[in-house]
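Chemist: take this sequence and fold it.
(chains A, B and C)
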Amino acid sequence: MRNRRTSAVIALAAGAALLLSACAPGGSGGETAGAGAQRGGTLKIASVGDIDRIDPLQAYTAEAWTVARATTRQLVTTSGSTESVGDDIEIVPDLAKSWDVSADGLTYTFHLRDNAYFSGASTRKITADDFVYAIKRFADPNAQVGAIAYYNALLDGFAEYGAEFAKVKTGDLTAVKEFIDSHEISGVTATDDTTLVLKFTQPANDILEVLTLPFVSPLPEEVVSKYFSDSLEFRQNFASSGPYYISSYSPNNSLELKRAETYDAAADPVRAAYADTILIDTTVSSADAVAQQLQTGEADLPLYVRSFPATVISQYQQTKADYLHTSPGGQQVFLSINGISDGTSQGQKGLKELSVRQALSYAIDKSAVVKAIGGSSAANVQGEILNSTLVGHTGEDPYATTDNAGDPAKAKQLLEDAGFAGLKLNLAYRTSDEFTKIATSLQASLAKSGITVNLVPVPEADYWAFLADSENADQWDVALATYTPDWQGNSARQILGGWLDSDYASPGAVWGIAYDNPDLNAAVEKAFVAKDPEAAWQEANTIATKDLAWVPLLERVVTVPTSTNVTKWTWASLPGGADWTNVAVK
Amino acid sequence: MTRSIGVRALRMLLTILLVTLVAFLLTKVAYANPARSLAPENASPETVAQIAASLGLDEPWWVQLRYFLFGGPAIKGVRTGLFTVPPSLGYSFREQRPVLDLILEKIPVTASLAIGALVIWMTISILSGVLATRRPQGLFDRASSTVSYALLSLPVFVTGVLLLYFGYYRLTLAGIDVFPSGGYVPLTESPGQWARHLVLPWLTLVLYEVGVFQRVVRGAVLDVSSYDFIRTARAKGAGWWRVSFGHALPGALTPILTLAGIEFASILGGAIVTEQIFGLDGVGRLAVRAALTGDGPVVIGCTLFAAVVFVVITAAVDIVIDVRARRAR
Amino acid sequence: MTADTISPSRPTGTALVLRHLRRDRTFVAGAVIVALLVALALLAPVIAAVVGHGPDAQFPDIAIDESGIPITGGHGFLLGADALGRDVFIRVLYGARVSLVIGVVSTTAAMLIGVAVGLVAGYWRGWADAVLSEVTNVTLAFPMLLTALSIAALNRAPGGSTYVSPPVVVVVIISLFSWTYFARVVRGVVIDVTNANYVKAAIGAGSPSSWIVLREILPNTAPSVIVYWAVQLPTNIMAEATLSYLGVGIRTPQASWGLMISEAQTSGLYVAQPMMLIAPCLALFVTVLGFNIVSTRLRAHLDPDKKG
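Modeler: Numbering: from 1, shown residues only, chains lettered A, B, ... in the order given. Alright, predicted model coming up:
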């Protein structure tokens, strides 16, 4: 399943097959005994807080991408899956109906549909120029694209263009428009209204995956250039390329999406757009309140709820299991090891030794951690760097313990042998309810191995910055960190390449990780160019896992309860949850 | 009279200015590097510096203070300068909008909450407080004072959550869909829906405030009931109701009004807990969100708003009390 | 949070007041609640030792079931366990210690600040009075919870750990926002007392100011200050719970009622284990109620102008 090549021919064939199945009435059923997938109705979303970003330029969270699935289209996309999040990896045509790849793998020519229209603030036809404009915005010094690294590294001429753009004065929309209109990126050209040519600097087996991200969504310059990225005016004057447009938006209150009248299902092989309206209530105060609304039927789907109360899950399991959707492929929670310190404290000195890291891994009662956040319906114990849904996952935990309950005796022995008995560690974590639980649970289980843990709570909003800042390096030794792959399947590049390979990663930039292992670097290099990357990624994953580049703790199970109004359910990879465009309600 | 009002106004301005200064400095120290938390997670230091520059955060703090007070370069088209015409409270990093617009937009929500609650709790407190003086230590007095002790000892965050749990969740599950789960509907849109959405939040505040006020009303009315003018009224044969509500209550209003002014002002300045629980997008929720995400300008703006509300309302109450006293003489 | 002031009480013997109090059944009820509470708080470590559950000890194996839901009783867990398998009963007892200590310390600190400010402002008047009353105005105008959020942010930056231990910060925040009442009361009393003949006589006799303030004036403020201390205490206990509830007070794993209530709510586990929510709520309620009763009765007896 995960052993997959992304050559254009195969992707196209797969796309054609899916196109057929997606058009078949009723779809393939899915978990929700789903005869009645019908058009119409209002899909009501209970959201804990407002959508963090609506501008596809900056949207970079699973939730923002959930909305983007409905309001934007890309060149290529994934089809959605009724099975699981990790199953949604087949790349299919979206606004590009087909594409050619040059023999050297460096030039991609996309042939766009000529029957797709914007809706909302613009209603004209979508052209290749709209993609060019969107990509040109990436380097805007007022608001850069969420993941500029992908495009800096891959797109021909992008880095030079970005360097020029950086000189433009910020806070001046006219200056930005003038710059965009007068500068070109050599690797991005529209040869006519329906032909987009992208030139890359190096061949890569995941170029199409990168293009499924909502960053590359078409935008009409005549509308978008009038507003600052993602400002209120931008949101209220959003030109949608997807099936739904923003019909009304009130910050921190509600967001209403309506299916566009011009939306032509024939021009979209993927999004069925069952609901007429998607109404997002962004005033809900907590996961508990969301659960109440789902149970009373006031809302159909949750948003911005990372995990539901264990009581809610067990209620659903007992009384309405059909409306509880679970899938592996959630976020991994791991213990990041401070790599940017000078190693002066006892803890930091110790963690430079593999045997001390092994002791740490043995000391942790992973099953207690899983229990604390809601048991097996919330997460599974994780014993390796790569998640179960990623190419390169091996299913082997070199430091497994009985029932994953930890092995204090072995941990104590290892610490004693290494001369670090009575180890003291500063554990940083973000002060959300859940991470507080994980941290205190770790503190309790490590105490059994004689490791004293001092808790270092950091407010959620500052957490990332706190760990990345070398000035704080002496404040923490280990930190509770997470990753969610940008896409499922072939995305080990991001983790093993971007975060752990010292040839690419900038030390400390991500969770304070500064891992340096020539063996891993060599293995990653091999995997980048491999025609079949699975074996190569498995090798790299094993190297990093055995050396405990970080200590994996758990992989969340994505668990989504819905109201009983939901008649058809579909997962999507980028949202890491529901595909709003393929969910139907009564 | 005019002179004392002038002096008073000057002192109010001084107070507000000092609050602004303290809030500004506190915010600058507390939220050390807002640009970092605004930038995408994997942004380079250069990107962060660029964001800081685009928000004017690269200047030293005293320059930022000068910009904040007397105006400086516009940030993404938003003017700054508290003492410019029209005044501006600067630019919200998170919401990317003028802070003043944000606050003005939230005022109707918080005002609906505060005014509605004030009317209800004052009505209940005055009725039950005055009734309790009819027979001090009598059955009603004892019962009402026990209830008000109990209410006073219930924190708002407990009542709010319980009301939501029973009033919305339990009732709705039982098929009685009376109260919504939260949110706000403007009065202008639908007065019925407006009230329906506010009943539970009002109740949350009212329960606590009745606990505060019932005994104050009772005490104040008892205090004046021994005064001559009450005795005179009674001697003239006026009934208990007439004496209590027509003479004693008006005479006892000073401490009641003073306290009501303070409580009302602090709710209007942002009922943080209540707004949070019921998803009311008012000034309090705005302030908490800003404080938790390091949106300094909004924190300053909300602090300033709360201070202005407090100073103005307490002054207004004082003036009312003054005028009443003059007239009484 | 009443704003009315109390005039100096008429001379009443301490013995007389005590006799009155002992006969006041409401006061006795309140006093019993408070005494029980203090006893339980003091005995918390003993009880924890007897039960065998420390306040922070986690028992995931016996106290949490497979799907992560805590038990409601059994295994020596009188009131069941919380999300991490800690004993709710023991944590409520330890929460009482936090509430009482923070309540008493912050109220006393506020009292000391307030008395000092009130004495200086009331005795010397003039510019000292003007400056101090402006400081009072500014303090009153500040929104407490919002400022507490900023101060909490201040305490954490730039380190993840805190500069100052969180309970200290809570005490500072609460006393910073509650001294003004003491100051106002004391200032009023001082102005009244300064005009009294014996004080005028002392001033006329050329006694040093500090001696007059400490010997003649301070003792006269005592009854009002004591009453206000008792009135402010339950308010401050509630303030601690509110701050902890909002996540800017006591930090986990330390037990605080506000924090426990918030944990029960955000985890949603109270549906299955209601004691997680009920126990700390009830404890907080009873505590505040007990102190409210005591303070109101105390006020009625010490301050004959008030008919409570």
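
Chemist: of all of chain A, which residue lies closest to chain C?
Modeler: Per CB to the nearest CB, A:P309 is where chain A lies closest to chain C, at 2.6 Å. Backbone N, C-alpha and C define where each C-beta goes, glycine included.

Chemist: and the spatially most central residue of chain A, helix, strand or coil?
Modeler: Nearest residue to the geometric centre of chain A (CA atoms, centre = their mean): A:D486, 3.7 Å. Taking DSSP: H, G, I helix; E, B strand; the rest coil as the rule, one finds A:D486 in the coil state.

Chemist: excluding covalently adjacent residues, which one is nearest to it?
Modeler: Computed as CB to CB, 6 or more residues apart in numbering or on different chains, the closest residue to A:D486 that is not its neighbour in sequence is A:Q494, at 5.7 Å.

Chemist: in stretch C:279-287, which residues are buried?
Modeler: Neighbour-count burial for stretch C:279-287 flags C:279-281, C:283-287 (criterion: 16 or more other CB atoms under 10 Å in any protein chain shown).

Chemist: what is the burial count for the residue nearest to A:D486?
Modeler: 20 (other CB atoms under 10 Å in any protein chain shown).

Chemist: pretty sure it sits in a helix.
Modeler: Yes: counting by three-state DSSP, A:Q494 is part of a helix.

Chemist: residues contacting the residue of chain C at minimum distance from chain A?
Modeler: Using CB to the nearest CB, the point where chain C gets nearest to chain A is C:G268, with a distance of 2.6 Å. Neighbour list for C:G268: A:286-288, A:291, A:308-312 [criterion: CB atoms under 8 Å, 6 or more residues apart in numbering or on different chains].

Chemist: apart from its neighbours in sequence, what residue is nearest it?
Modeler: In this structure, C:G268 finds its nearest non-sequential neighbour in A:P309, 2.6 Å apart by CB to CB, 6+ apart.

Chemist: spit out the contact partners of that neighbour.
Modeler: Contacts of A:P309 by CB under 8 Å, 6+ apart are A:287-288, A:291, A:374, C:267-269, C:271.

Chemist: of these, which belong to helices?
Modeler: Using DSSP state H, the subset of the contacts of A:P309 located in helices is A:287-288, A:291, C:267.

Chemist: any chance of those residues in a markdown table with neighbour count as columns?
Modeler: Listed next are the ones in helices among the contacts of A:P309 as a markdown table, based on neighbours: other CB atoms under 10 Å in any protein chain shown:
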| residue | neighbour count |
| --- | --- |
| A:A287 | 23 |
| A:D288 | 26 |
| A:A291 | 26 |
| C:S267 | 29 |
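
Chemist: need the max-distance pair from the residues you listed.
Modeler: A:A291 and C:S267 (11.4 Å; CB to CB).

Chemist: can stretch A:430-444 be found next to chain C?
Modeler: Yes: for stretch A:430-444 and chain C, the contact criterion (CB under 8 Å from any CB of the partner chain) is met by A:431, A:433, A:436-437, A:440-441, A:443-444.

Chemist: what sits up against the helix or strand containing B:A49?
Modeler: B:A49 belongs to helix B:45-54 when assigned by DSSP states H and E. Identification of contacts with helix B:45-54 by CB under 8 Å, 6+ apart yields A:141-142, A:144, A:148, A:166, A:170-171, B:33-36, B:38-40, B:43, B:58, B:75-76.

Chemist: show me which residues of the stretch 1-150 of chain C sit near chain A.
Modeler: So the stretch 1-150 of chain C meets chain A at C:56-58, C:60, C:64-69, C:83-85 (CB under 8 Å from any CB).

Chemist: buried ones among those?
Modeler: Among the residues of the stretch 1-150 of chain C next to chain A, the ones that count as buried by 16+ other CB under 10 Å are C:56-58, C:60, C:64, C:67-69, C:83-85.

Chemist: so can I have CSV of these showing pLDDT, distance to chain B and secondary structure?
Modeler: Shown next, in CSV, are those (pLDDT from 0 to 100; distance: CB to the nearest CB, whole Å; DSSP: H, G, I helix; E, B strand; the rest coil):
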residue, pLDDT, distance to chain B, secondary structure
C:D56, 81, 24, coil
C:A57, 82, 27, coil
C:Q58, 81, 25, coil
C:P60, 76, 27, helix
C:I64, 81, 23, strand
C:S67, 74, 21, coil
C:G68, 75, 21, coil
C:I69, 83, 18, coil
C:A83, 83, 17, coil
C:L84, 82, 21, coil
C:G85, 85, 24, coil
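
Chemist: quick one: which of those is nearest B:F310?
Modeler: Closest approach to B:F310 among those (CB to CB): C:A83, at 39.1 Å.

Chemist: I'd say that closest one and C:I71 touch.
Modeler: No: if you go by CB atoms under 8 Å, C:A83 and C:I71 don't touch, sitting 11.5 Å apart.

Chemist: how about the residues of the stretch 201-350 of chain A by chain B?
Modeler: Residues of the stretch 201-350 of chain A found near chain B (CB under 8 Å from any CB) are A:228, A:230-232, A:251-253, A:281, A:283-285, A:289, A:292-293, A:295-296, A:298.

Chemist: so what's the gap between the helix holding B:A49 and the chain middle?
Modeler: Centroid displacement of helix B:45-54 relative to its chain, using CA atoms, centre = their mean, to the nearest Å, is 37 Å.

Chemist: who's in contact with the helix or strand that comes right after that helix?
Modeler: Using DSSP H and E, the helix or strand that follows helix B:45-54 in sequence is helix B:61-70. Contacts made with helix B:61-70 from outside it, assessed by CB under 8 Å, 6+ apart, are listed as B:20, B:24-25, B:28, B:56-57, B:59, B:72-73, B:80-84, B:90, B:300.

Chemist: please report the distance of C:S165 from C:R251.
Modeler: Per CB to CB, to the nearest Å, C:S165 is found 9 Å from C:R251.

Chemist: of those two, give the one with the bigger neighbour count.
Modeler: Between C:S165 and C:R251, counted using other CB under 10 Å, the more crowded position is C:R251 (21 against 14).

Chemist: show me the contacts for that one.
Modeler: A:455, A:457, C:166, C:259.

Chemist: so what does the residue of the stretch 201-329 of chain B found nearest chain A have for phi and psi?
Modeler: Residue nearest to chain A within the stretch 201-329 of chain B: B:G279 (3.4 Å; CB to the nearest CB). Dihedral pair for B:G279: phi 60, psi 40, per degrees, to the nearest 10.
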